[in-house]
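In: sequence first, predicted model second:
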There are 6 protein chains.
Amino acid sequence: MKLQLSTWPEVEAYLKTSTAILIPIGSTEQHGPTGFVGTDALCPEILAGGVAEQTGALIAPTVSVGMAQHHLGFAGSMTLRPSTLIAVLQDWINSLARHGFDRFYFLNGHGGNIATVSAAFSEVYAQASLGAAPSNRPALSCRLRNWWDAPEVQTLAKQLFGGSDGQHATASEISLTYYGYPEAAKRAEKGAAEMSPRVAPSGGFTDATDYRRKFPDGRMGSDPTLASVENGRQLYDTAVRALSADWLSFANGR
Amino acid sequence: MKLQLSTWPEVEAYLKTSTAILIPIGSTEQHGPTGFVGTDALCPEILAGGVAEQTGALIAPTVSVGMAQHHLGFAGSMTLRPSTLIAVLQDWINSLARHGFDRFYFLNGHGGNIATVSAAFSEVYAQASLGAAPSNRPALSCRLRNWWDAPEVQTLAKQLFGGSDGQHATASEISLTYYGYPEAAKRAEKGAAEMSPRVAPSGGFTDATDYRRKFPDGRMGSDPTLASVENGRQLYDTAVRALSADWLSFANGR
Amino acid sequence: MKLQLSTWPEVEAYLKTSTAILIPIGSTEQHGPTGFVGTDALCPEILAGGVAEQTGALIAPTVSVGMAQHHLGFAGSMTLRPSTLIAVLQDWINSLARHGFDRFYFLNGHGGNIATVSAAFSEVYAQASLGAAPSNRPALSCRLRNWWDAPEVQTLAKQLFGGSDGQHATASEISLTYYGYPEAAKRAEKGAAEMSPRVAPSGGFTDATDYRRKFPDGRMGSDPTLASVENGRQLYDTAVRALSADWLSFANGR
Amino acid sequence: MKLQLSTWPEVEAYLKTSTAILIPIGSTEQHGPTGFVGTDALCPEILAGGVAEQTGALIAPTVSVGMAQHHLGFAGSMTLRPSTLIAVLQDWINSLARHGFDRFYFLNGHGGNIATVSAAFSEVYAQASLGAAPSNRPALSCRLRNWWDAPEVQTLAKQLFGGSDGQHATASEISLTYYGYPEAAKRAEKGAAEMSPRVAPSGGFTDATDYRRKFPDGRMGSDPTLASVENGRQLYDTAVRALSADWLSFANGR
Amino acid sequence: MKLQLSTWPEVEAYLKTSTAILIPIGSTEQHGPTGFVGTDALCPEILAGGVAEQTGALIAPTVSVGMAQHHLGFAGSMTLRPSTLIAVLQDWINSLARHGFDRFYFLNGHGGNIATVSAAFSEVYAQASLGAAPSNRPALSCRLRNWWDAPEVQTLAKQLFGGSDGQHATASEISLTYYGYPEAAKRAEKGAAEMSPRVAPSGGFTDATDYRRKFPDGRMGSDPTLASVENGRQLYDTAVRALSADWLSFANGR
Amino acid sequence: MKLQLSTWPEVEAYLKTSTAILIPIGSTEQHGPTGFVGTDALCPEILAGGVAEQTGALIAPTVSVGMAQHHLGFAGSMTLRPSTLIAVLQDWINSLARHGFDRFYFLNGHGGNIATVSAAFSEVYAQASLGAAPSNRPALSCRLRNWWDAPEVQTLAKQLFGGSDGQHATASEISLTYYGYPEAAKRAEKGAAEMSPRVAPSGGFTDATDYRRKFPDGRMGSDPTLASVENGRQLYDTAVRALSADWLSFANGR
Ligand code: NI
Ligand code: NI
Ligand code: NI
Ligand code: NI
Ligand code: NI
Ligand code: NI
């Protein structure tokens, strides 16, 4: 059930059955010569659709721009400053809390979001801990889950891509978006011509200039030529199954 | 051309032909018993697709949650505080400006956004006017255009719905989203049973409690039972034509 | 009744008769070669005096610096960033709400304020809608009224100045301030020698540099040589009458 | 020369002779049963007029609402939070600095402003010290001067009022505003009937509730029945003389 | 070399040999019935002393209050909101960057800081990535290292405490502070009488109320009765050795 | 009793006897060629230890970085922007208020903090005055006391150093830190060779560049060659006695 395609009486009815909501959160940033700029937002959005089918979860709109300052050296990348992202998540959560939602499951597609989203949860909890939350409001509970976290997904990725899945513009995530958008994939994968070496370098980084110097085509540790619609389909099936179980456990307060 | 489905080298290529970008901006809020909560985000998103087809415009991800504090009395509605929305738009614009974008066309689907988005433009311009913008950056130019602004669209709406289009949960916007999501429409329009009177009341409002008291089912001045996929198709064709012309004029610096 | 010239027991007495307050809000910015830098603050301040005489309205001090980033290319212009102006209006309103004021009528003299003031109202309402307002506080109601809004005023301006009233440094507003400050007017109108063409160009603008390039002497679309004390007197009489009616209607909760 | 009554070419001309500006800053807060709510804003405004006559100083609009949280227990009192006032002063100073002003003389009428205004100066200086000021901007210099600071003024106050001048709603400041607004004074001084004891208590305070409990009619240590137009005239003459000398010294960079 | 005990010429001399600085960061929060409230600040402070002896590192003052909203249910616990902590770290880093420091090594003692400190690093990097850093400033590089990260330290802890080291109020950290403050330890360890069960429960938590309900005496998964000065000494020696190597590697730009 | 070396049950026990807490607050900034960068933080920290011994006061961790933008021209100096320091003090106070603390005694070592700390108190009080404090919380009371305020301390300083104590890097404060850290003192006092003239110049200043130009070695008006461990001991004894009395009076609500 997608919030954007529901009416308010339908949301009200949902609230009688569950006070949990699933919020896909991603990023808009370069994903190498063959990956979509929207990869990190599309992955959780695609998977959320599967989880909703399996479990009836209510899916909020996607937080499509996240914390990606280090990718700003590549055209099309966008970022929120961490302080802005914290304010955004506070407002989303505080809005939904007014209706009675009290369990917020963020399905994340971008490693760069993890720290700031966790900080945002603490900012929300701190409102309550410091006595500044609306006085009659129930306690809130937030979870951040990366779509690739489940052991089954990790195992499958290793099986499909060996050591060449990588850290950014991974074969996994690009497969998943190719599965979701096969037409666009045909166009994008032509970018492979520009890729060299086949497996990108790895390592740490600081700001956008530093990142681009170290990872000239944007990839980190990955060989996205291994990405395919079929691999994406397998990842989709596996991840949806694992995430559905995790969602149900969270939504049921465990 | 959708930013989310493009690779960074494709965006870089686009920037050689144009430094303008189209950003759909909407809201996530109740739209009466038969309208989608995402109506205001879906409308500009749907139309942006049409404009892109006609003109080759680059389409950013949608700002899906806007300023909708007055709708918080209805389940599923979400808001950013104006100060948060200003910070978000600053970050989006400043991110894209780093790549050379200097013309930002916000295609808006929500009347409640207009004031805050305009304020956000001023906040961005003020950075330059106060000498605080990055020193080597070209001047930026922003436009807010509501999808229903064009005279042709207004005429068509009047023709289709007479005086019952309304101000919120309008027959126009609901038709447009029904056209975009016909399956979901079949489900949503069942909510019409709850609607009474046929044309909702009109008037001013302040906060969410006040709004709900005055507009108990969420609609303002509208009769959304007049909405239909076919009406949506006509609105789509007319609006895409008008917006494409407006976009081209803006993108070409006029 | 001016707040600044009242004692607190007098304000307490006023509150027994009305919980509405009138707040003039303007700007400090260039108004062409013959207009006062304070034009936009002085106009609502002058008119507020007339409204107070007619209706007994309580007049707050004037918000004299508004959102005028686009005028910073001309000496003496000042601006608040929109985010600052929002914080200021929150504090003014929250202060007065503590005493029991719940109806805030902003009499505005500057087009550039409209968006940000509306956003500020939403920020204030959002406090209540998100459950963050002081718990025992009554609902607040805010109105923004431009002094030139009333049809009678528009008609009179057209009659006095034809098509040469303009958009900035208008013959109307300069007349009104000349009527209020006839001595200063004698000095200021000598600046007319520098004006050319007689009617200034019109059009859009972005930041301060862009504005100055397009409107080299600061005027937009106006011929302020048509301004006079006598014209100001007529505008004053007409506007005070219209605004008094509007104020009474607002103050009485309609 | 009042900024509000000058044209921008006149300000430009002034800047060729001086880059200093005088900014009256006060507060809008209770001043006991016989003092104007605007006392602290009116005093520096009145005196600034005198300094301008003597020295040709350019006078900015008055910051009429300052930091007065402790007075919010009395009707009509208004405050900016310190963090808001800091943002406001930054914007005022940064606006004027764009035109070449680099010496900012704040003529203060309210003890409660001193700490926050000093903090605001540090916030402005810190921009430069941290390398965040506009790169081509000259160093800025700010001074806060209370109108009652000069030894001659202190001596005169002692002579006029002995030990009953007090700390808040002082006989001095009320005299000065009575001198400036003799008609309003006639009305306000009727409030004296409510005053008891004749000299108000003194001491420390924290928030608004605490202040009202300790100082039930708003006065601190003062007997404002000693205030008169004639005393105000003497204070005016003495203070204008002292402040003019101080302004000239500051404006000339000493 | 402690910054607090150095003169500025000594710091200037240090900068000729290294542009790296070590900043202990901890928290002020309950650590169970026998642990110091300052445990998380004291641990990195104590270890920093050892690293400085071994390597000549310059040690900044300790960030003693971190992000600990979840501990506010226990007397003496303090927190910064994440947004505040981000502002603090920006200011510390921007201050030191003015002197030429460009490598910032945060030696952390508190798991609850990790997300927010990482977000703060991104906020600092984003300044550069968005073109808002001082224009002539070199790129900055930040590292967060938890004092317990090194494999040797983990091995030793396991050897000393088996599975009863725990997650909060761990036997390790309490040993380390007992080693640093043996007198205070004698007093504190009397609190063991109140501890039951011997090994505290584990699990997740949200806000302060939730934490206290789940962990009634404040400990998580630990048996701090195993803590001792002697165990602390061993941990100190091992951790100092590992951290010294890590510091040198970072300070030398690797 | 140091908070950092106490357990939470001990703090809980303290709260049954007193709801007051002493918070040393200083700065990290140059103190001339022979003074420690941490002088202003170390002084109140050292003295707080003495006050705690005499009175049993609970001592919070030290706010070690304050408002010192003007010292940033000298290596090692650090500052918080005033707006950041205000946020920090709000969080510290709001955290402790949750446990029942309602009297906050800031023992200050840095003149540059006074304005901002006072503004922070007002920000905290304003929360209550504007109705935004947690609803069930008792009124809070804050005091700022400079360690050198007491007449006995001033007298002793004059006796020890005559007119050469100065305003910054004073002989008094350097003596006090030498007394606290005699080993470090031996190293630091070698910097005296660089000092000339013997007594530093005095006067006003604005930003860091201005300060360094006027006070090239960092001192203001002082001759720190007069500093000694023995002088520090006398100052310590005198100040601890005076501060203990002041603390007791504050803690007991007078
Ligand atoms: Ni990714
Ligand atoms: Ni709509
Ligand atoms: Ni105007
Ligand atoms: Ni006063
Ligand atoms: Ni710990
Ligand atoms: Ni000092």
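Out: Now that the structure is in, tell me what you want to look at. Ligands and ions are numbered 1, 2, ... in the order given.
In: could you use CA atoms for every contact and neighbour count after this?
Out: Will do.
In: so which residue of chain A comes closest to chain E?
Out: Here chain A gets closest to chain E at one residue, A:A115, 4.2 Å apart by Cα to the nearest Cα.
In: element containing the nearest residue to that residue once chain neighbours are set aside, please.
Out: Nearest residue to A:A115 in three dimensions, chain neighbours excluded: E:A115, at 4.2 Å (Cα to Cα, 6 or more residues apart in numbering or on different chains). Assessed by DSSP states H and E, E:A115 sits inside helix E:114-129.
In: and the angle from that helix to helix A:114-129?
Out: 120 degrees (axes from the mean of the first three to the mean of the last three Cα atoms, to 10 degrees).
In: mind listing what's buried in helix E:114-129?
Out: E:114-129 (16 or more other Cα atoms under 10 Å in any protein chain shown).
In: enumerate every residue touching A:S118.
Out: Residues in contact with A:S118 (Cα atoms under 8 Å, 6 or more residues apart in numbering or on different chains) are A:L144, E:A115, E:T116.
In: any idea how far the last one lies from chain F?
Out: Separation of E:T116 from chain F (Cα to the nearest Cα, to the nearest Å) stands at 15 Å.
In: list the contacts of that residue.
Out: Contacts of E:T116 (Cα under 8 Å, 6+ apart): A:A115, A:T116, A:S118, A:A119, E:M67, E:P82, E:L85, E:I86.
In: and the pLDDT for it?
Out: Note on E:T116: pLDDT of 98.
In: quick one, phi/psi of the residue nearest to A:L226 when sequence neighbours are not counted?
Out: Spatial nearest neighbour of A:L226, excluding adjacent residues (Cα to Cα, 6+ apart): A:A171 at 5.9 Å. Dihedral pair for A:A171: phi -60, psi -30, per degrees, to the nearest 10.
In: A:A171: neighbour count?
Out: 26 (other Cα atoms under 10 Å in any protein chain shown).
In: confidence score at whatever residue of chain A ends up closest to chain F?
Out: Closest to chain F within chain A is A:G131: 5.4 Å, counting by Cα to the nearest Cα. With respect to pLDDT, A:G131 scores 95.
In: who's in contact with it?
Out: Contacts of A:G131 by Cα under 8 Å, 6+ apart are F:R98, F:P134.
In: so how far is A:A139 from it?
Out: Distance, A:G131 to A:A139, by Cα to Cα, to the nearest Å: 12 Å.
In: chain B contacts on the stretch 151-254 of chain A?
Out: Applying Cα under 8 Å from any Cα of the partner chain, one finds that the stretch 151-254 of chain A approaches chain B through A:A184, A:A188, A:G191.
In: please repeat the previous calculation with a cut-off of 10 Å.
Out: Taking Cα under 10 Å from any Cα of the partner chain as the contact definition, the stretch 151-254 of chain A meets chain B at A:177-178, A:181, A:183-185, A:187-189, A:191, A:194, A:217-218.
In: filter those down to the buried ones.
Out: Burial by neighbour count, 16+ other Cα under 10 Å: within those this picks out A:T177, A:Y178, A:Y181, A:A184, A:A185, A:A188, A:E189, A:G191, A:D217, A:G218.
In: the second one contacts A:T225, doesn't it?
Out: No. Using Cα atoms under 10 Å, A:Y178 and A:T225 do not qualify as a contacting pair, with a distance of 11.8 Å.
In: how close does A:Q4 sit to B:R145?
Out: From A:Q4 to B:R145 the distance is 22 Å (Cα to Cα).
In: contact partners for A:G109?
Out: A:G109 is in contact with A:24-27, A:39-45, A:47, A:64, A:66, A:145-148, A:173, counting by Cα atoms under 10 Å, 6 or more residues apart in numbering or on different chains.
In: between A:Y178 and A:T225, what contacts are shared?
Out: A:G35, A:E189.
In: ok, back up a step: what would the buried ones among the residues of the stretch 151-254 of chain A next to chain B look like in TSV with distance to F:S202?
Out: Shown next, in TSV, are these (distance: Cα to Cα, whole Å):
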residue	distance to F:S202
A:T177	67
A:Y178	70
A:Y181	71
A:A184	71
A:A185	71
A:A188	68
A:E189	70
A:G191	67
A:D217	57
A:G218	56
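In: helices - which of the residues you listed land there?
Out: Counting by DSSP state H, the part of these found in helices is A:T177, A:Y178, A:A184, A:A185, A:A188.
In: list the residues that contact the first one.
Out: Which is A:T177. A:35-36, A:38-46, A:184-185, A:227-229, A:232-233, A:236, B:5.
In: do that again at 8 Å, thanks
Out: Contacts of A:T177 by Cα under 8 Å, 6+ apart are A:F36, A:T39, A:L42, A:C43, A:I46, A:A185, A:G232.
In: hmm, A:T7 is touching B:T39, no?
Out: No. A:T7 lies out of contact with B:T39 (Cα atoms under 8 Å); the separation is 9.6 Å.
In: overlap of the contact sets of the two?
Out: Residues touching both A:T7 and B:T39 by Cα under 8 Å, 6+ apart: B:H31.
In: contact residues of chain A facing chain F?
Out: Listed as neighbours of chain F in chain A under the rule Cα under 8 Å from any Cα: A:L130, A:G131, A:A132.
In: so which of the residues of the stretch 151-254 of chain A next to chain B comes closest to chain C?
Out: A:G218 (34.4 Å).
In: what comes up buried for the top helix by length along chain A?
Out: Looking across chain A with DSSP H, the single longest helix is helix A:229-251. Within helix A:229-251, the residues that qualify as buried are A:229, A:231-236, A:238-244, A:246-248, A:250-251, counting by 16+ other Cα under 10 Å.
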